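Asks: Pasted the sequence and its predicted model underneath.
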Amino acid sequence: MKKIHKTIGIVFMVLTIHMSAQEYKFGKVSKEELLEKAYPLDSSANAAVLYENKKVSVAYSTDKGFQLITEVFKRVKLYNKDGFEYASEELFLYKNGGNKESVTGLKGATFTLVDGKIRETKLKKDGVFKSEFSEYYNQQKFTMPSIEEGSVIEYKYRVISPFLSIIDRIYLQYKIPIKKMEVKVESPEYYSYKKFSTGYLPINLKETTSNDKITFTNKVRSRPSHGRGGSDSNFYQNTVDFRVNQDNIESINVPAFKEEPYSGNTENYISSLSYELSFVKFPNEAIDYRSTTWEDVTKKIYKSPNFGDELKKTSYYKDDVENLLTGVTNEIEKTSLIYTFVKNKMNWNKKRGVYARKGVKKAYKETTGNTAEINLMLTSMLNYAKIDANPVIASTGDRLISLFPTLNGFNYVLTRVKLADGSVFYLDATDKYGVPNVLPNRIIRGMGRVIAKNGTSQMVTFRPVKPSANIYQMQCQIDDQGVVKGKVSINHRDYLAHNFRVANAAKDDDSRAKRFEKKYGITELDEYTIKGVKEYGKGVNERFSFTIEDQIEAIDDEIFFSPLLFLRDKENVFKSDERQYPIDFGYGFSNKYMINLKIPEGYEVVEYPKTSAFKLPEDMGQFSFRSNVSNGVIQVVVDETIKSPVIPADYYPAIKEFYNQVILKENEQVVLKKI
Amino acid sequence: MIKKLQLILVAVLLCVSAKINAQDDLSLQAILIDSVLTENANAIVRSEDIVIEINSINSVTVKTKRIVTVLNKYGNRHADLSEYYDPEIKIKKVQAIVYNALGQEVKKIRRKDFKDRSVYDGGSLIDDNRILYFEHTPTEYPYTLVYECITENKSTAWIRPWFPIGGVYLSVEESKYTVINSKKIPLRTNEKQFNGYPVDVKMGDQELTYKLSKIAAIEPEQKGPPIRELVPNAKVALKDFSLVNVEGSAMDWKSFGKWQYDNLVSGRGELSTETIRKVDALVSDADTNREKAKRIYEYVQKKSRYVGIQLGIGGWMPMLASDVDRLGYGDCKALTNYTKALLDSQGIESYYCVVWRDDYKRNIDPEFASLEGNHVILNVPDGEKDIWLECTSQTLPFDFNDSTTDDRNVLVVKPDGGEIKRTKKYMPEENTLHTIATISLRPDASIDAEVTSVSKGLQYDSRYLTKLESVKDQKLYFKEYWDHINNLNILSLDLEDDKNNISYQENAKINARNYATKAGSRLLVIPNVFNRVSSKMTKYKNRKTPLVISRGYIDTDEYIINIPAGYLINKLPEEKVFATVFGMYKSSLEKVDESTLKYTRKLRINDGEYPKEKYEEYRQFMSKIRNADKSKIVLKQQ
């Protein structure tokens, strides 16, 4: 029995659950199932999977050799019309060269109770739609006939695939609940797969082995080449006994997966299992590793002609880099020159990937390329200039985080530079607004591995250590008519400066100013100026002056307002009562406000919000409010800081309350009274 | 001597070619563009030349040459490098060249560089539309794209119209549209919004040309009409045409509708006797045709569901009613045709109607018959009135036009020809929201409240679907709806959807900590707890487009507010009344007794289109309402 990897947040529970046995036979839908009005454990479910059986196996056939067979049998209850979307299924079938995935044995029927009798309507050809989706995918869709509220649909099919290296992610949870699910994954000992899982639900997985045999009578296509490529031919003329490894997963009453706002990538939280081919070993043959350890994976990537070899090429940029570095000896200066050079010259084509597609040479000539081309080029140039630079293979934040060593875990390349003094910088030349250690949003939630020259690697993350700040300064005065005139200066720092540039650098001043009119509801905004948009690495400063009439309220002989005026927080973004997944802000941040507010002549301050401060648990964030009144001027200094980019779900009530208190404090009123 | 001649020739050739290049360069050089065209523009159509050659009623060739200069990343979408096609359309040529700001060639994109894939939108079950596209990565701005394409379409029922100004923030240096009709197939044209634009029109016997030059970029404005209602455009239609091998002939809506009826709708409504018997039983005890139609509509809603089907003539012709009956699904055409067939079986007349489904009230042009619309609904004449049925919805009430099909011209396809009719318009009096609440304010500044809202008309439409969501999402809906109440807790919800009377009632019990603000011995309270106008409208120094208030409504609110013991209100605020041509607002607070206040509010908004000068007045009206809705009262501790 193979050892099961234990990884963070995941528990494989090896248990035998004795099922109160309901038989699920295709075509035998029970009256009870049809009569059920709502899912017993979650009445809000529009549909539920009553039963799903999925069998994935690497099986041998005489003419095709080993193939990956996925058999699906699914029975779904449609409680109401909002569940009808689950009456259709779409399959994307991969194809490459002469090889393609195909669907066979598709059968299905809809069962509905009509006047106490079960009516069965079969899925016919006119409910099945096939089309060519793109160069690499065919598409097959089917939709079940004659469904009504309360119907039960059932279908089965088999997908036959010549691509053995990847078993598609097996979802163990859906957006609708599952009553019972059985999954079986089988492979002969020749094909060894690694598995990894996601989600917070325990997975009841049991591993067994059994014996099987094949009598070879002909040639065998047994060796799918790299990735999802074709296969080679080998000849065998004997009968072979072998072991079959089996994983059995049985789950009952799986709750529906619900999405939450501000979760980062929810794909990481849904319960699922994935398999990747780690090695192939046929009798009397050398073991053929596909991937096993991180070292193997990175070595494999490094050795690939589309990665390692691309790194070694220097001739295409040699002269340009020589020119660029003439007379420069300082390593910081060299790094900065090369990084800026690549960043300015190259244009990212929005394609991610670990491998160069058209090659660094062509990319350089065309001045466009994918993440691999641009950052491998950058790494290579830095190395050429004798800088200690290494490529980092990474996965972007919208990808599933891979907990297991797998070739599919990566879709991005960055560069890491280590200076003589030991300081480390991450560079990404695909981002025009980037600076060292300020990486684009797409990558900061992800993870990566730095690859050393010998192919060894080490895991790294990219989240910034220090919170980024927006600093607001406001000088204003109120007149006795309740009109406020003043000036605002906003400094965006670090990531917030980067975000500002991503969103606004290509806009003109007029549209930039309009942002504030919209956000703060200012109708009279003038003297808008901005500094530092192009000075990457520095902050951006925006200034404007304003006149507003609607932030002050005069009642009887008193005047009321919040000292932060339009800058105050008004609405708590966290509205749900509870939450299952962590809150992911991406990076830590601070909003700091410094307000100087002059009150009108003939009035005195009778009430104002007093100094106070509070904190989130574990020092994840803090809020402070300091106020002072002297000579008719109200001074307020506010600091809202979230230090921790990720806040565990357990602290949801704390962060919700934190924002409630922030809003409460910032909305406290100053009261002025006529003298 | 010969050598000399050669040299001269070479020199002359060089001159010629240099000259040609220079001319070309001029139009491609982005740095020489007039500032009228660059102001507010993300891209500039330098020149667009569309030539439509009508070869026969089964063939039309469209030649496009478009030169676009893109000034910044927001303009990339105007440098379109994609061509849609289907089995009727053959792309004969497609290529593009990218030039830099100096007019030097940067990249040539040939046909083989384009990718081909299905236009799969996830919404349709099947779709035979495809797209040929190239993903270009701009290496600098500005750049200029020269795009050339030739397509041949076997369907001539719809001919690519002239739409020279294809979007906002886009200026046009020159756009030209030519129709060559050498076979002299009778042709109809329709010109819209040419007024105020320097359109050059040339109408010949076999040729027709529209030309427009030097048009500055348009900025979109809040509450303005969509750009297609503002800019010049022209449509062309053939008297004799073909649609996916179905030939036709039409000069007006009557004949065009007749053709649609005969070729696309008629004969597709047959039902089995078993189904007819079922429908007989369903309506046997109904007294009126209206009641019968209602039962049939609800039967279709229960039995069927919507799926998109875009395949060949299936993109235009409904599936057979018997297939919908058997399969229980179809697209808008199929479900409408099926409902029609069921009504037919009971001798109730009904008509297939083509409509523009859009939140903006978009009309089928009554003046010009052409292949229009993107959706199909059913019209059931009921005496003097019309019943309109949206057959793709499983949830809408009977005889209800939601805001995507209300108040607009539609084409009614009748056996004796087409007819333009207008769908139901909802008057402000019909789109109502009435909210009553009892609110108890506590000394700790929190509130408890019971609130009941009844919505009707289009206000029903915008709310009733919440009932179908999970309790968690319903609560979130109310937290978003009342997002001005911080710390809001929804304690209970009771939602009642009365589809027969098209009335939706929401009962909620809520509380909120710190609803009021404490300031010393004062409690500052906003009496308008549940219905505030909160969004602010943009102020324009120079408004260019008319003001469109697409739908009117009336909101009424009555709240009883219990104030905590020991607190008193000094002075009641004055009643606020604002009356304008756009509507009326009135709010007031009165004392019921020492510890009880009553807040009442009424807001009426009239729909209509108003000249651009009126916009500022409307903005001020809404701004006054906004301020009134958030105005506070002061309660003082005694």
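Replies: Cool, got the structure.

Asks: burial of residue B:265, as a residue count?
Replies: Residues within reach of residue B:265, counting by other Cβ atoms under 10 Å in any protein chain shown, total 22. Heads up, the C-betas are built off the backbone N, CA and C, glycines and all.

Asks: what about residue B:275, distance to chain A?
Replies: Per Cβ to the nearest Cβ, to the nearest Å, residue B:275 is found 12 Å from chain A.

Asks: That residue looks like it's in a helix, true?
Replies: Yes: assessed with DSSP: H, G, I helix; E, B strand; the rest coil, residue B:275 lies in a helix.

Asks: contacting residues around the residue nearest to it when sequence neighbours are not counted?
Replies: Using Cβ to Cβ, 6 or more residues apart in numbering or on different chains and skipping residues adjacent in sequence, the residue nearest residue B:275 is residue B:325, 5.4 Å away. Contacts of residue B:325 were listed using Cβ atoms under 8 Å, 6 or more residues apart in numbering or on different chains, and they are B:271, B:272, B:275, B:338.

Asks: that's a strand at residue B:325, yeah?
Replies: No: checked against three-state DSSP, residue B:325 lies outside a strand; its state is helix.

Asks: Low-confidence ranges, the chain, go.
Replies: I went with chain A, as the question did not name one. Chain A contains residues with pLDDT under 70 at A:1-22, A:216-237, A:261, A:264, A:291-292, A:401-404.

Asks: you looked at the wrong chain, it should be chain B
Replies: For chain B (pLDDT under 70), the answer is B:1-32, B:120-126, B:310-314.

Asks: Can you show me the helices along it?
Replies: Here chain B has its helices, by DSSP state H, at B:2-28, B:35-38, B:253-260, B:273-283, B:289-303, B:321-327, B:332-344, B:458-461, B:471-481, B:615-629.

Asks: Please work out which of the ones you listed is packed deepest.
Replies: helix B:332-344 (a mean of 26; mean count of other Cβ atoms under 10 Å in any protein chain shown).

Asks: who's in contact with whichever residue of chain B sits closest to chain A?
Replies: Nearest to chain A, among the residues of chain B, is residue B:470, at 3.3 Å (Cβ to the nearest Cβ). Residues near residue B:470 by Cβ under 8 Å, 6+ apart: residue A:44.

Asks: same deal with residue B:551?
Replies: Per Cβ under 8 Å, 6+ apart, neighbours of residue B:551: B:403, B:406, B:426, B:431, B:458, B:607.

Asks: so how far is stretch A:337-357 off the chain centroid?
Replies: 22 Å (Cα atoms, centre = their mean, to the nearest Å).

Asks: And the residue nearest the centre of the chain?
Replies: As the question left the chain open, I've gone with chain A. Nearest residue to the geometric centre of chain A (Cα atoms, centre = their mean): residue A:398, 2.0 Å.

Asks: looking at chain B here, not the other one
Replies: Closest to where the C-alpha atoms of chain B average out (Cα atoms, centre = their mean) is residue B:358, at 3.4 Å.

Asks: So what's the residue count around residue 435?
Replies: Because you didn't say which chain, this covers chain A. 21.

Asks: my bad, the chain I had in mind was chain B
Replies: 19.

Asks: List the contacts of the residue lying closest to the residue nearest to the centre of chain A once chain neighbours are set aside.
Replies: In this structure, residue A:398 finds its nearest non-sequential neighbour in residue A:265, 5.3 Å apart by Cβ to Cβ, 6+ apart. Going by Cβ under 8 Å, 6+ apart, residue A:265 touches A:397, A:398, A:399, A:400, A:401, A:445.

Asks: Kindly provide the distance from residue A:265 to chain B.
Replies: Counting by Cβ to the nearest Cβ, the gap from residue A:265 to chain B is 20 Å.

Asks: hmm, back to that, if I pick the residue nearest to the centre of chain A, what's in contact with it?
Replies: A:265, A:267, A:442, A:445.

Asks: Please list only the buried members of those residues.
Replies: A:265, A:442, A:445 (16 or more other Cβ atoms under 10 Å in any protein chain shown).

Asks: thought residue A:604 was touching residue A:672?
Replies: Yes: proximity of residue A:604 to residue A:672 meets the contact threshold set by Cβ atoms under 8 Å, at 6.8 Å.

Asks: Which one's more surrounded, these two?
Replies: More crowded of residue A:604 and residue A:672, by other Cβ under 10 Å: residue A:672, with 26 against 12.

Asks: Can you check my assumption that the more buried one lies in a helix?
Replies: No: under three-state DSSP, residue A:672 sits outside any helix and is assigned strand.
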